[in-house]
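1. Give me the fold of what follows.
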Amino acid sequence: MSDVLLTVGTRKGLFLGRRRGGDWEFDGPHFNAQAISTAAIDTRRKVPRLLVGGGSAHWGPFVFHSDDLGLTWVEPRQPAVKFPQFTGASLERVWQLHPAGPGEPDVVYAGTEPAALFRSRDGGESFELIRSLWEHPTRSAWVPGGGGEALHTVLTDPRDTRSVTVAVSSAGVFRTRDGGASWAPSNKGVSAVFLPDPNPVFGQCVHKVARDAVDPDRLYLQNHWGVYRSDDAGDSWTDIGRGLPSDFGFAVAAHPVRADTAYVFPINADADRVPAGRRCRVFRTGDAGSTWEPLSAGLPEEAHYGTVLRDALCTDGADPAGVYFGNRNGELYASADDGDSWQQLASHLPDVLCVRAAVIGP
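-> A predicted model of the protein is given here:
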């Protein structure tokens with residue numbers, strides 16, 4: 001069984017888990033009493049670099065990194081992510097930290113609130129605003145979602161470093177094919193049932209997007225009502241929510257190795273944000289959304305109220321895949337067999353905001 005590093009960002013600090021063989025060990029909280037909204041494990045280095053984005057009401061938002069698996073943490077001398085003065089904006093939260101592919105070993109992207117995309121060329125120690133997206137002609141019409149105006153998803157194309165896909169709540173999916181020189185909405189087929197025009201060019205409340213492990217052009221999207229698949233890198237989307245107990249939810253994750261395989265955690269409704277049917281179940285598709293199966297072996301059988309947020313469901317790089325999720329009840333669950341069976345790793349944690357996992361060396 002592979003060694004795995006697990007980062008669990010909560011409302012009151014970061015917890016780190018390490019599986020050696022079959023046993024888990026946890027430590028924390030790091031950044032005690034500070035909300036950790038995003039984390040990333042950059043495995044492009046010989047020793048993985050951990051990146052965390054968080055903040056507190058007193059100290060404000062921050063990005064730290066660690067090159068010794070969390071033993072020590074480094075804060076840049078200047079704020080890593082900061083809006084230029086000309087924008088008239090100030091950083092409220094870092095929603096996403098995303099290491100680019102191996103073709104750009106020092107590039108890390110950050111998605112923020114207010115919704116903006118920043119790029120680092122030094123491994124996440126300093127970031128620059130990508131002005132072309134900030135100044136996009138549709139921006140004046142972007143409307144914050146219930147959780148704020150967040151750029152919460154960044155996907156880099158493993159075939160082409162110039163191709164980047166982002167998602168904004170509530171503006172939708174945008175994509176560049178020229179390294180950020182220009183951006184185009186990529187929402188055709190995604191319905192916005194809450195708007196007068198349910199099929200706008202932009203304005204969809206996208207909650208999360210994941211990329212298929214084998215076909216880079218295949219994407220999975222969890223919307224504010226609706227689960228979708230794209231087979232053309234976002235040019236168009238097809239509804240694949242049939243067979244789920246609810247197509248409302250926040251999280252979606254792809255299997256790290258297997259094609260056509262993805263996971264969602266359905267929520268009852270936007271006005272009833274508890275697990276669908278009040279049952280703690282992850283749903284998996286193995287045929288790109290044609291069918292879905294519930295995965296609940298080892299999960300609570302009684303009525304359950306733990307909501308899983310957009311970045312609190314993930315997979316690692318193993319095969320069979322490790323699948324992990326945390327919820328707002330402070331519970332943390334893991335599967336080492338593609339989701340077929342589960343074990344509880346922790347309970348009574350603070351509100352879980354994000355979970356990330358990676359296979360690492362001994």
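2. Please list all residues in contact with the most centrally placed residue in the chain.
-> For the chain, Asp311 is the residue whose C-alpha lies nearest the centre (Cα atoms, centre = their mean; 3.8 Å). Neighbouring residues of Asp311 by Cβ atoms under 8 Å, 6 or more residues apart in numbering: Gly9, Ser37, Thr38, Gln96, His152, Lys208, Ala251, Leu353, Cys354, Val355, Arg356. Heads up, the C-betas are built off the backbone N, CA and C, glycines and all.
3. Report the two of those residues separated the most.
-> Gly9 and Lys208 (15.4 Å; Cβ to Cβ).
4. After the one helix or strand Thr7 maps to, which helix or strand is next?
-> Element membership for Thr7 (DSSP states H and E) is strand 4-10. Downstream of strand 4-10, the first helix or strand assigned by DSSP H and E is strand 13-20.
5. what's in contact with that next one?
-> For strand 13-20, contacts defined as Cβ under 8 Å, 6+ apart pick out 1-8, 24-34, 36, 39, 52, 54, 69-70, 345-346, 349-350, 362.
6. Can you list which of these are found in strands?
-> Counting by DSSP state E, those place 4-8, 24-30, 36, 39, 52, 54, 345-346 in strands.
7. What's the mean pLDDT across stretch 124-131?
-> What stretch 124-131 shows for mean pLDDT is 97.
8. Check which residues of it are buried.
-> Buried positions in stretch 124-131, judged by neighbour count with 16 or more other Cβ atoms under 10 Å: Gly124, Glu125, Ser126, Phe127, Leu129, Ile130.
9. Same list as before, these that is, but in a markdown table and with distance to Glu104 and secondary structure included.
-> As requested, the buried residues of stretch 124-131 are exported to a markdown table (distance: Cβ to Cβ, whole Å; DSSP: H, G, I helix; E, B strand; the rest coil):
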| residue | distance to Glu104 | secondary structure |
| --- | --- | --- |
| Gly124 | 12 | coil |
| Glu125 | 15 | coil |
| Ser126 | 15 | coil |
| Phe127 | 14 | coil |
| Leu129 | 18 | strand |
| Ile130 | 14 | coil |
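10. Tell me the one of those residues nearest Glu293?
-> Taking Cβ to Cβ as the measure, Glu293 lies nearest Gly124 of the buried residues of stretch 124-131, at 37.4 Å.
11. out of Gly9 and Lys208, which sits in the busier spot?
-> Taking neighbours as other Cβ atoms under 10 Å, Gly9 and Lys208 compare with Gly9 leading, 29 against 22.
12. thinking again about what came up before, what backbone torsions are found at the residue nearest to the centre of the chain?
-> phi -110, psi 20 (degrees, to the nearest 10).
13. any idea how far it is from Gly289?
-> Note on Asp311: its distance to Gly289, by Cβ to Cβ, to the nearest Å, is 21 Å.
14. now Arg139
-> When distance is defined by Cβ to Cβ, Arg139 is 31 Å away from Gly289.
15. When those two are compared, which one has more neighbours?
-> Neighbour comparison, Arg139 and Gly289: the larger count goes to Gly289, with 22 against 15 (by other Cβ under 10 Å).
16. Am I right that the more buried one is in contact with Gln222?
-> No - using Cβ atoms under 8 Å, Gly289 is not in contact with Gln222; the gap is 11.4 Å.
17. where does the chain have low pLDDT?
-> Applying pLDDT under 70 to the chain flags the ranges 1, 362.
18. Around Asp215, how many other residues sit close by?
-> Asp215 has 13 neighbours, counted by other Cβ under 10 Å.
19. Shouldn't it be within a helix?
-> No - in this structure, Asp215 is coil, not part of a helix, as judged by DSSP: H, G, I helix; E, B strand; the rest coil.
20. Now do the contacts for the residue lying farthest from the centre of the chain.
-> Distance from the centre of the chain peaks at Phe86, with 29.2 Å (Cα atoms, centre = their mean). Counting by Cβ under 8 Å, 6+ apart, Phe86 touches no other residue.
21. Doesn't it lie inside a helix?
-> Yes - Phe86: assigned to a helix according to three-state DSSP.
22. possible to save the buried residues of stretch 124-131 as CSV with distance to Pro200?
-> What follows is those, written out as CSV (distance: Cβ to Cβ, whole Å):
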residue, distance to Pro200
Gly124, 34
Glu125, 38
Ser126, 36
Phe127, 30
Leu129, 26
Ile130, 23
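23. Now for these: which two are most distant?
-> The most widely separated members of those are Glu125 and Ile130, with 17.3 Å between them, by Cβ to Cβ.
24. How about residues contacting stretch 181-190?
-> Under Cβ under 8 Å, 6+ apart, the answer for stretch 181-190 is 132-133, 136, 138, 165, 172-176, 200-202, 204, 206, 221, 223, 226, 228, 230, 233-239.
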